[in-house]
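> Dropping a prediction and its sequence here:
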Amino acid sequence: MKKYLEIARAYMKAQLIWRADVFVDVILSVAKILFAWILWSILFEGKEQIAGLEFHTMISYYIISSYLFQMEKSAEISQQMTGMLRNGTFSKYMVIPVQTQGYFVAMEAGKLAFSSGIGFLATVLWFCLFRISIVHTVNLKILLCGIIMVILGLLFMALLNYFLGILTLKFEEISTFLMIKDNLSAVVTGAVIPLALLPEWMIAGMRFLPFYYVTYLPSMLFIGKCEDEAVTGLFVLSIWCIFFIVLNQVTYEHYRMKYDGAGI
Amino acid sequence: MKMIRTENITKKYKRYKKQEGVIGSIKGLFHREYEEKIAVDAFNMDVDEGEFIGLIGPNGAGKTTLVKMLTGIIAPTGGEIQVMGFYPNKLEKAFKRQYAVVMGQKSQLFFELTAEDTLRLFKEIYRIPEDEYRKNKNFFVELFQVQEIMDVQVRTLSLGERMKMELIVALLHNPKILFLDEPTIGLDAVASKQIRTFLKNINESRGTTILLTSHYMEDIKALCKRSIVVNYGRKIYDGDTDMLFEQYQKSKKMTIYFEHSVEPDVPEYCRILEKTNDKLVLEIPKQNTEKVLESYIGHYPIRDIGIEEEEIGSVVERIYKGV
Ligand SMILES: Nc1ncnc2c1ncn2[C@@H]1O[C@H](COP(=O)(O)OP(=O)(O)OP(=O)(O)O)[C@@H](O)[C@H]1O
Ligand SMILES: [Mg+2]
């Protein structure tokens, strides 16, 4: 375990040099908040509620979920892996005594710890600056469930991207898979529209999928909604994570033995 | 126990053969044709602990493929292979903890990290005790004089600096076997000499078994007591390095400067490479060198005389062809 912590630490430290993308992220987050403010102000014109949410709740939802969505950058795992597998540099992970899956997840966690910290500070700052009264849960248990769910959700996305990455061993070209995943997760995680706006039967189906718990449900939990789904949500998401850990291990072991392109 | 043992090990690569034109590409989506390439062919090799072995052969001979099979990166197609008692491609952690591989063409380092962080990371990955880690690190850093570059990102290192880091990282956990695939490629004379000295030191002081591939015969001659020559995936020589070069060394080059202009006799088995009033350059069959030398000394007014080995390129060419 200690080695994975060291991996995370090393990559977190590597983020600490000046990076333009972090700065851009912060700027983008304010743009998003402004945009949401304007958009929802128009939509709420003359209405008390939309989909059962009041204006401030909606804004809070939007800001929290866009923060969570922005935090999730694990797509770079599959990008990196497919690149390295194809140009033959992946072998460096094969010859060291670590689980490659663990390595990539730890690396991502380290990078995330930094950018999410910055993002969090920025979000809090905008809240204060624009005097948005944030609507949030006051139930500590729910808050805790939400935080754990966010962590599991990020873990799940990292595992999923690792899985797509190792498909390179078999298919060589995975950009189609990546495109499908990106579109699917953008809609299904509730980053494009709050899932509350969707018909109930669709939401019911999504409750079995992990994406529902990546940004949507934790955002709802944080604003004090859907509290009864917290525990089952954690359960479903955990199952998905375990399933993918095993799937990744098996798939990787199976395909790497057949793969000749690794190294040089 | 043998450190490495392979028996009739073979590697066949399958290469996807792309058909020509658009129609061909579309056909390729449904039905792919492969062509087989035998990169390593029924190869036998035994290596004892502490040996320093050179693996040489022309481009595409199968050296890297062999190294990849020995390190478990790829699986052999046939034959038996065993490294320190393990089947490499299983990639067991206990196995991976005991070897290291350095490839001159591909880095083993993580580019975003600094050298210092990389070493720390490898300390944890290989579970190196703190005091051993300190000792090893200081020893290597001192030896290579790389104190100044410990805190810069690996991606910004020059080739030579990076190579030194690769070696330090590889040796930090005291591996029993070190695989080196062209570690001196692209390095200047000073850096490659430094690396040679370093490798010799490691092999002698720690008893590390080292398998080295290189296209620079200087590396091989200076380091490897034993050499294995590969061509077309097959072994064509396995034995003493000096004997190998001796055997294929057919001639010597002699350069004679005379005090003043003379017209010397040249034996018919010598080839004149250059001739001016006071200078004569000859290519002499190896066994006749002494005779020719005697026939000149004392008979002509000689200012200076030099004897060189045959140009290494020609020797290597003969070694690879096996004639
Ligand atoms: N992944 C691969 N797929 C198909 N063929 C391959 C693959 N890797 C290597 N080959 C082929 O196998 C043969 C041996 O390659 P290898 O890299 O082992 O040669 P080498 O002796 O290391 O050569 P060099 O001195 O140029 O590095 C070559 O003909 C090469 O084209
Ligand atoms: Mg090679």
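Thanks, I have the structure now. Ligands and ions are numbered 1, 2, ... in the order given.
> So B:Ile195 is in contact with B:Met163, correct?
Yes. Here B:Ile195 reaches B:Met163: they are 6.8 Å apart, a contact under Cβ atoms under 8 Å. Placement of C-beta: from N, CA and C, glycine included.
> which residues do the two both contact?
The contact sets of B:Ile195 and B:Met163 overlap at B:183-184, B:187 (Cβ atoms under 8 Å, 6 or more residues apart in numbering or on different chains).
> Any idea what B:Val40 is bridged to?
B:Lys11 (DSSP bridges).
> how many neighbours does it have?
Neighbour count of B:Val40, defined by other Cβ atoms under 10 Å in any protein chain shown: 28.
> In this model B:Lys235 seems to touch it, though I could be wrong.
No. Between B:Val40 and B:Lys235 there is no contact under Cβ under 8 Å: 9.6 Å.
> Got phi/psi on B:Met45?
Per-residue torsions, B:Met45: phi -160, psi 140 (degrees, to the nearest 10).
> per-residue confidence for it?
At B:Met45, the model reports a pLDDT of 94.
> so is the closest residue to it other than its chain neighbours in a helix, a strand, or just coil?
Taking Cβ to Cβ, 6 or more residues apart in numbering or on different chains, and ignoring the residues beside it in sequence, B:Met45 has B:Thr6 as its nearest neighbour in space, at 4.8 Å. Secondary structure state of B:Thr6, per DSSP: H, G, I helix; E, B strand; the rest coil, is strand.
> Could you pull up the residues touching B:Thr6?
Neighbouring residues of B:Thr6 by Cβ under 8 Å, 6+ apart: B:43-45, B:70, B:79-82.
> Could you measure from it over to B:Glu182?
21 Å (Cβ to Cβ, to the nearest Å).
> picking up where we left off before, any of the shared contacts of B:Ile195 and B:Met163 buried? List them.
Buried subset of those (neighbour count, 16 or more other Cβ atoms under 10 Å in any protein chain shown): B:183-184, B:187.
> Out of those residues, the closest to B:Val266 would be?
B:Thr184 (39.7 Å; Cβ to Cβ).
> Spell out which parts of chain B neighbour ligand 1.
Remark: the part of chain B in contact with ligand 1 comprises B:13, B:15, B:37, B:39, B:57, B:59-65, using Cβ under 6 Å from any ligand atom.
> which residues sit in contact with residue 245?
You didn't pick a chain, so chain A it is. Contacts were defined as Cβ under 8 Å, 6+ apart; by that measure A:Ile245 touches A:101, A:159.
> should've been chain B
Contacts here follow Cβ under 8 Å, 6+ apart; on that basis B:Phe245 touches B:217, B:221, B:315, B:319.
> and the gap between it and B:Thr6?
Going from B:Phe245 to B:Thr6 by Cβ to Cβ gives 25 Å.
> And for B:Glu259?
The gap separating B:Glu259 from B:Thr6 is 60 Å, by Cβ to Cβ.
> so what pLDDT did A:Arg19 get?
68.
> next one: the one 3 residues further on
According to the model's per-residue confidence, A:Val22 sits at a pLDDT of 72.
> Helix or strand for it, just tell me which one.
Using DSSP states H and E, A:Val22 sits in helix A:20-43.
> what sits up against that helix?
With Cβ under 8 Å, 6+ apart as the test, helix A:20-43 has contacts from A:15, A:50, A:55, A:58-59, A:62-63, A:66-67, A:70, A:115, A:118-119, A:122-123, A:126, A:130, A:132.
> repeat that with 6 Å
A:58, A:62-63, A:66, A:118, A:122, A:126 (Cβ atoms under 6 Å, 6 or more residues apart in numbering or on different chains).
> repeat for stretch A:159-176
With Cβ under 6 Å, 6+ apart as the test, stretch A:159-176 has contacts from A:74-75, A:77-78, A:81-82, A:85, A:101, A:104, A:177, A:244, A:248, A:251-252, A:255, A:259.
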